[in-house]
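>>> Whatever this is, show me its structure:
(3 chains)
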Amino acid sequence: MLLSIENLSIRLPGRGDRPHAVKNLDLTLQENEILCVVGESGSGKSVTASAILGLLPPELKVESGRVMFEGRDLTKLSPAELRQVRGAGIGMIFQDPMTALNPLQRVGDQIAETFRIHTDLGKAEIRRRVVKLLTDMHLPDPELAARVYPHELSGGQRQRAMIAMALALEPRILIADEPTTALDVTTQAQILSLIRELQQRNRMGVLFITHDFGVVAEIGNRIAVMRMGEVVETGAADDVLNRPQHAYTKSLLAAVPLLKPPDRPPPEDGLEGHAALSILNVQKTYRRGLRRTVALKDVTLRLRRGSTLGIVGESGSGKSTLARCIVRLLETDGGAIEIGGADITRLTKQEWRKEARRVQMVFQDPYASLNPRRRVGELVAQGPVIHGARLADVMPKVRELFGLVGLDPEAVDRFPHEFSGGQRQRIALARALAMEPEILVADEPVSALDVSVQAQVLKLLADLQRKLNLSMVFITHDLRVAAQICDRVAIMQRGEVVEEGEPSRVLVAPQHPYAQALISAIPGRDWAMRRESP
Amino acid sequence: MRLLRLTLHRLAVSVPVLLIILCGVFLVLQLAPGDAVDALLGQMGTADATLAEQLREQYGLSGNAASRLVVYLWRLVRLDLGFSVSYNQPVLDVILSRLPATLALVVSALALAFFAGAIVGVAAATKFGRWQDTLISLLGLVFYAAPSFWLGLMGILVFSVWLGWLPSGGLQDLSANYSGPRLVLDMARHLLMPTVTLATIYFAIYLRVIRASMLEVLSLDFVRTARAKGLRESAVIYRHVLRNALLPMITIIGLQAGAMLGGSVAIESVFSLPGLGRLAYEAVVQRDLNMLLGIVFMSSILVIVINFAVDLLYAQIDPRIEAGA
Amino acid sequence: MRTVRFFLTSPAGIIGLVLLVLVLAMAASAGTLYPNDPLSLAGRPLQAPFVNPRFVLGTDSSGRDVAAQMFHGARTSLLIGISATLVAIVVGVLVGSISGYYGGWVDVTLMRITEAFQTVPNFILLLVLVVIFGARMDLLAFMIGLVSWTAVARLTRAEFLTLRQREFVQACRVLGMGDLRIIFREILPNALPPVIVYASIVMAFSILLESALAFLGLSDPNVASWGKLIADGRRVLRTAWYVATMPGLAVLIAVLSVSLIGQGINDALNPRLRRD
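Presented below is the predicted three-dimensional model:
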């Protein structure tokens, strides 16, 4: 046994909703295995990871329990002794590789620092080893990568550099705290396979923290499921994923979207005359000084009235730019966007403001999309009020909308911070619906939410769409989500639509090489494909 | 290459700024009751209309506003700041003769405030929330609140009048006729109190800024990375945190350069230093607008140069800075 | 409401409030306690404080009542401080919010003007304004505000730059809300907290600027001011040091009170110390 956490409890400061971040936690990590600790936000999984190396923020204190590594209790070590374990015995990587590297130091110097701390190697030898490490991380030009600053690398390259730093001294354990959450799917797949490759080569034990069951299915040998600071279930990956015992594990797994699209009969007649929205040869270029970035290159898409069009892509694909062009948050450089036959890009700003109610938008971040200083009822009423209605007249409808999106109609007098993320997203939805739009543009509406909440909000969206006969544009980076809710999906890459069709076809038989790569990069794809709806 | 681009960018920004200042100064001149010629004649004690007309022609003061502005700007481009009647010398000569004292004062006060502020601020941040931090923060507030000219007076009272340790004013002991290193030492002795008093308020500002920015940086992810590597806490602070925390401090230097020059007016008056600040005061008392606007021009150039240097220094430290960003 | 409650748990805020109330009381009672012109000659020059009950704080070098000047000086400092701060905040917030919200050439133009104001040393600019427009109290407040707004503008602009990217602002635009309403009703309330904290710094600085100007003898000659009293004390520093000391301490306390209150507000607004 490499590492064993025994009966660990960590106190939360003050009067939170619970007294412990982690309570009576038992976990063991064997040599040559990947243990995935999986849980939703607030489950205590990241706190556990930080506690092992004594990297807890000062307000969190280990109350009881032991963390045994190589015969010593890490929680009892002096700072100096603990420092010898950090980096040398146990390496650690973090979620956001951009902020996890010092922006003012060259990448190579930051990796070299690990050697300088723990070894007496000479300068030239350290340099040689840094370059070797970066080569092992499959970085295209390791010599160059050592010389540049973090901001000059891409997200995936930065995470590779982080891993190089953590593994510099070939530690016996790697702790990976959501290492691929900030990355695109295809990059995620590469980093996951890199971690597995290195783990197998060095027979390391890897403690892998994640919220994503797909990632778990992809990489885990064993799984521990956490909820509210406690482990509710542990076991071999295959058992937990396919034959979960605990009710919470079952509910979490049920919330993971199936990759198999639900059977939806395609409409018999063609699109002609049924398009709620036509995007025709739309162009958009960002200019900054002399630099030009093409964000949309000749995009043409149609949304059938009463259906959902999914737009899927990685960061930089132009999917969010497209969403913002549809609601005229951004002006296009060419092409047409027709709603009900009229090109909205030709309207003046004033004309558009009057027409604005026809297209509404739901945003990604439920914490940033509501003005924290206004009561939620007022926020939902804001649209009609801008267009001339009196607040008192709108309020009955606001209450009705609250009921419609599954919120307590009496909650209209509260402020946004009194609601959870999922509830806020419902409020944002009510705000959009208050305008009675023909088209709803949803920009990653569930990606900031925990998986169980995500499932609820998706269900609500699907229900409302049917009930109100909404036409919806659904922007997402997650093909699994798109498959669940969309009648058609379009895959975008670098400003272009490379594939478009019904999800059942696109997911099973993609034509374009990028679409194929994207689909094969879905974490835990084989597992997800095998699953049936519960 | 990057630095060259930055330099060009900075220049492209500075030129319009300087132009706006000069147009503002010109506007002020238009608003002023009477022009330079009136002032000149007033001091010469005549009111001869033909002489006035001649002088106006000579100074480019006749014609419409636009042509006068062009003439004015062209004069400034040639560094022709006009003639000061009260000093009976060209304005530029007077300003240049007063510049060294002010530069010495401002640069030494800036250095003192920066380094003392950084050291004390870092100390406060590493003891965040403890009594040392509270004490330092409180002292910072008191230093910020004390009017510098009054601190100067109190300094004179204690160190010159009561203790007799330091001279109460001037740049050097004129009666002693020092030369060489003795002269430098004597000047340093004379500049000690003015430097400390001018630095006080900026010391307080820098102290606050670096403390806040240290706390900010300490909460960033890469600090955790550094700790996870097994780095000693002191090395974490000095190698990773401090460098990042210094960035906002460096920005502040540029922003405060002008304020410090302004602060030298009162300080130089208190300590009878023959510098630009005291010259500005004398110009006000003598209503020598020409001189005053010359000082505005020269001090603006000085501030632009300082900002220029600060920007390049910043770019040296922060590789992320690109021209236009 | 919660902010007020948090403010009252901050020791800095409470001390600042007590000191400010003290200065306010001095300013408010100046008219009643010393109804005569504080700059009129009242008695024998250079009487020491706490000796003659008629002149509790003694007299200055020309025989004016020091206590009367101290009380009326509090009035001057506060009036200048408050009105100059208002001017600076209004100008700064206007420039900063428009600059930050619209960006583009509007931003470039406004920022160049801001930089121009920042480049000219503000005290020297103040001297120029005084020479040209004179130093009447009301003008002086306006002029001090005019040389102090740049930092407010930069701060507001920075807040607007981040806030305008926030999704709630985009949501308002999607609803068809007009720009002015978005700027002043939606973004500004969220951008104000740091500006309010900064207002304390502007006010502190305005009080210091006024006292420096008065010390140099360039402020309104008809109004009593602490700076003026310090200048008078300077002439007799060797013999009667207390004349310069007392008004200096008064400036210190007034500025300190404002800074402490700013610190208190900052503590109350700072999410680091506050866990909801």
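>>> Which secondary structure state does the nearest residue to A:Phe94 once chain neighbours are set aside sit in?
Distance criterion CB to CB, 6 or more residues apart in numbering or on different chains; nearest residue to A:Phe94, sequence neighbours excluded, is A:Ala100 at 4.4 Å. For the C-beta atoms, the positions are set from N, CA and C on the backbone; glycine is no exception. Of the three states, A:Ala100 takes coil under DSSP: H, G, I helix; E, B strand; the rest coil.
>>> Chain A - how does it break down into domains?
Per automatic domain parsing, the structural domains of chain A span A:102-168, A:275-532.
>>> Would you format those domains as CSV with distance to C:Ile82, mean pLDDT and mean neighbour count included?
Converted to CSV, these look like this (distance: least, CB to CB, whole Å; pLDDT from 0 to 100; neighbours: other CB atoms under 10 Å in any protein chain shown):
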stretch, distance to C:Ile82, mean pLDDT, mean neighbour count
domain A:102-168, 42, 92, 19
domain A:275-532, 26, 90, 19
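>>> With distance to B:His190 added, can I get these in TSV?
Below are the domains of chain A laid out as TSV (distance: least, CB to CB, whole Å):
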stretch	distance to B:His190
domain A:102-168	40
domain A:275-532	50
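>>> Save those as CSV, and put in distance to chain C too.
Converted to CSV, those look like this (distance: least, CB to the nearest CB, whole Å):
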stretch, distance to chain C
domain A:102-168, 19
domain A:275-532, 3
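>>> Any residue of the helix or strand harbouring C:Pro247 touching chain A?
Here C:Pro247, judged by DSSP states H and E, is contained in helix C:242-269. No. Contact between helix C:242-269 and chain A is absent, the nearest approach being 12.7 Å (criterion: CB under 8 Å from any CB of the partner chain).
>>> Which residue would be the closest one in the stretch 51-200 of chain C to chain B?
Distances between the stretch 51-200 of chain C and chain B by CB to the nearest CB are smallest at C:Phe123, namely 2.9 Å.
>>> Domain map for chain B?
Using automatic domain parsing, the domains assigned to chain B come out as B:2-91, B:95-317.
>>> First residue to last residue on the last one, what's the distance there?
Taking CA to CA, to the nearest Å as the measure, domain B:95-317 stretches 34 Å from start to finish.
>>> quick one on the thing from earlier: check which helices and strands the helix holding C:Pro247 is in contact with.
With contacts defined as 3 or more CB pairs under 8 Å, 6 or more residues apart in numbering or on different chains; DSSP states H and E, helix C:242-269 has these neighbours: helix B:131-145, helix B:148-155, helix C:2-9, helix C:11-33, helix C:66-102, helix C:188-215, helix C:226-235.
>>> Give the closest residue to A:Val62 in space, chain neighbours not counted.
Among residues not flanking A:Val62 along the chain, A:Thr75 sits closest, at 5.0 Å (CB to CB, 6+ apart).
>>> Checking that neighbour next. Helix, strand or coil?
Per three-state DSSP, A:Thr75 ends up helix.
>>> among the helices and strands packed on helix C:242-269, which is nearest chain A?
helix C:188-215 (5.1 Å).
>>> can you state the direction angle for the closest one and helix C:66-102?
Orientation check (axes from the mean of the first three to the mean of the last three CA atoms, to 10 degrees): helix C:188-215 against helix C:66-102 gives 140 degrees.
>>> Which positions in helix C:188-215 come out as buried?
Neighbour-count burial for helix C:188-215 flags C:188, C:190-193, C:195, C:197-215 (criterion: 16 or more other CB atoms under 10 Å in any protein chain shown).
>>> Which positions in the stretch 151-300 of chain B make contact with chain A?
Residues of the stretch 151-300 of chain B lying close to chain A by CB under 8 Å from any CB are B:220-222, B:224-233, B:239-240, B:243-244.
>>> switch to 6 Å and redo it
Within reach of chain A by CB under 6 Å from any CB of the partner chain, the stretch 151-300 of chain B has these residues: B:221-222, B:224-225, B:227-231, B:240, B:243.
>>> could I get those residues as JSON lines with secondary structure and neighbour count?
Shown next, in JSON lines, are those (DSSP: H, G, I helix; E, B strand; the rest coil; neighbours: other CB atoms under 10 Å in any protein chain shown):
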{"residue": "B:Asp221", "secondary structure": "helix", "neighbour count": "16"}
{"residue": "B:Phe222", "secondary structure": "helix", "neighbour count": "24"}
{"residue": "B:Arg224", "secondary structure": "helix", "neighbour count": "21"}
{"residue": "B:Thr225", "secondary structure": "helix", "neighbour count": "27"}
{"residue": "B:Arg227", "secondary structure": "helix", "neighbour count": "22"}
{"residue": "B:Ala228", "secondary structure": "helix", "neighbour count": "25"}
{"residue": "B:Lys229", "secondary structure": "coil", "neighbour count": "27"}
{"residue": "B:Gly230", "secondary structure": "coil", "neighbour count": "24"}
{"residue": "B:Leu231", "secondary structure": "coil", "neighbour count": "22"}
{"residue": "B:His240", "secondary structure": "helix", "neighbour count": "24"}
{"residue": "B:Arg243", "secondary structure": "helix", "neighbour count": "16"}
